[in-house]
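Chemist: below: sequence and its predicted model.
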Amino acid sequence: MPDPTNGWQKTLCPYCGVGCGLLVQIEDGVVRRVKGDADHPSSWGDICAKAVHLAPTLRTPDRLLHPQVRARRDAEPARVPWEFAVRFVADRLREISAVHGPDAVAFYGSGQLLTEEYYVASKLAKGFLGTNNFDTNSRLCMASAVAGYARSLGSDGPPGSYEDIESADCFFLIGTNTADCHPVTWKRIRKRKLAAPDEVSVIVADPRWTETADIADLHLPLRPGSDIALLNAMLHVLWKEGLLDQDFIAGHTGGWSELRPVIARYPPDRAAAITGLSAEIIVAAARRFGGARAAMTLWSMGRPSWSSSRTPTTRPRPRASPTCCSRRRSGPRRTAS
Ligand code: SF4
């Protein structure tokens, strides 16, 4: 049995959704060093600056390491033993629930909780206290994405995997500054692009020019909130130019006959007026995507949050549409918060 207070231990980076594997060196219960875990499949030993600086972050003097309780609401918090703190919280929860009902208690979880921790917290809230009021920032940030997954793919999990990066020959990045937000994934994409610059193309749809756009063959600086018009127009081009796999559509998708009249309304010229892009660059992006052997779509919160909340209302609002009609599997990563 490994000693958890000494030696190198495997764990995961707590920061972003890339979920890089870490090795942390612990001496007498204190984290001294952090490095990448070469065996971990999402990162292969790579990490970014945020994880490199984890060790000193864990040792900051203002870190809360012990439970504290206020004797009165206006009193300074005082350190108490764990047993006291747990009993104190349990008594208060029981009291509130008895007087006001279980729905008077609400839980708010962190996106940094692990699956097992979510399970235990949900059991406590729903199974024992009987309150349905359990929310987390991960639900807030993923709600629109999950609704989109369920509606377009029939399941709320992203269909892509990190291994797809090494196989892809076209990356379509929309609503994401991957270089800054998910540097380890970005390094894999960049490495793939630089290893075969003529074979691999990168399309970045983002109103801003970011470091992610530095390696783009095509940068589409669309107007904020016009993503759906761009996507519908790209699908329009794929459809009109026969770049869709009709067998795949017939065998594995639903709603194509309802979608077709929607994308029929989005020729590149119309999408150009909505997005502020040229019709030519929309056509070029669609052709690159449709002509690829293995295209991969990646996005992060810039896309679902923005396009759902800021689609211009003065223009006809397109219906949400399936995005799996390309002949390629387009698979986003687990989006990061
Ligand atoms: S990319 Fe950086 S912040 Fe994100 S999981 Fe990996 S090491 Fe952590």
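Modeler: Received it, and whenever you're ready, just let me know what you need. Residues are numbered from 1 along each chain as shown.
Chemist: now the longest helix along the chain: mean pLDDT?
Modeler: Secondary structure assigned by DSSP state H gives helix 82-100 as the longest helix of the chain. Averaging pLDDT along helix 82-100 yields 96.
Chemist: any chance you could list what contacts that helix?
Modeler: P67, V69, V80, A104, V105, L129, G130, T131 (Cβ atoms under 8 Å, 6 or more residues apart in numbering). To be clear about C-beta, it is placed using only N, CA and C from the backbone, and glycine gets the same treatment.
Chemist: in the chain, which spans are helices?
Modeler: Using DSSP H, helices in the chain cover 49-52, 54-58, 82-100, 115-122, 137-153, 164-167, 178-181, 183-195, 227-240, 246-252, 256-264, 268-275, 279-291, 304-310.
Chemist: returning to what we had before: pull the distance from the longest helix of the chain to the chain's centre.
Modeler: Counting by Cα atoms, centre = their mean, to the nearest Å, helix 82-100 is centred 36 Å from the centre of its parent chain.
Chemist: mind saving the C-alpha coords of that helix as CSV?
Modeler: In CSV, the C-alpha atoms belonging to helix 82-100 read as follows (Å, rounded to 0.1, in the frame of the first residue of the first chain):
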residue,chain,number,x,y,z
TRP,A,82,-13.6,18.6,12.8
GLU,A,83,-16.0,16.6,15.0
PHE,A,84,-17.5,19.8,16.4
ALA,A,85,-17.8,21.4,12.9
VAL,A,86,-19.6,18.3,11.4
ARG,A,87,-22.0,18.1,14.4
PHE,A,88,-22.6,21.8,14.2
VAL,A,89,-23.5,21.8,10.5
ALA,A,90,-25.6,18.6,10.9
ASP,A,91,-27.6,20.1,13.8
ARG,A,92,-28.3,23.3,11.9
LEU,A,93,-29.4,21.5,8.8
ARG,A,94,-31.7,19.3,10.8
GLU,A,95,-33.1,22.3,12.6
ILE,A,96,-33.8,24.3,9.4
SER,A,97,-35.3,21.3,7.7
ALA,A,98,-37.6,20.6,10.6
VAL,A,99,-38.8,24.2,10.9
HIS,A,100,-39.0,25.2,7.3
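Chemist: picking that back up, tell me which of the helices of the chain lies nearest to G19.
Modeler: helix 183-195 (9.4 Å; Cβ to Cβ).
Chemist: pull the CA atoms of the closest one into CSV?
Modeler: Output in CSV follows, covering the C-alpha atoms of helix 183-195 (Å, rounded to 0.1, in the frame of the first residue of the first chain):
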residue,chain,number,x,y,z
PRO,A,183,-3.0,24.8,-23.6
VAL,A,184,-2.2,21.1,-23.5
THR,A,185,-5.0,20.3,-26.0
TRP,A,186,-3.7,23.2,-28.0
LYS,A,187,-0.2,21.9,-28.1
ARG,A,188,-1.5,18.6,-29.5
ILE,A,189,-3.4,20.4,-32.3
ARG,A,190,-0.5,22.6,-33.1
LYS,A,191,1.9,19.7,-33.2
ARG,A,192,-0.4,17.8,-35.6
LYS,A,193,-0.7,20.9,-37.8
LEU,A,194,3.1,21.6,-37.8
ALA,A,195,3.9,18.0,-38.6
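Chemist: no further queries at this time; thank you.
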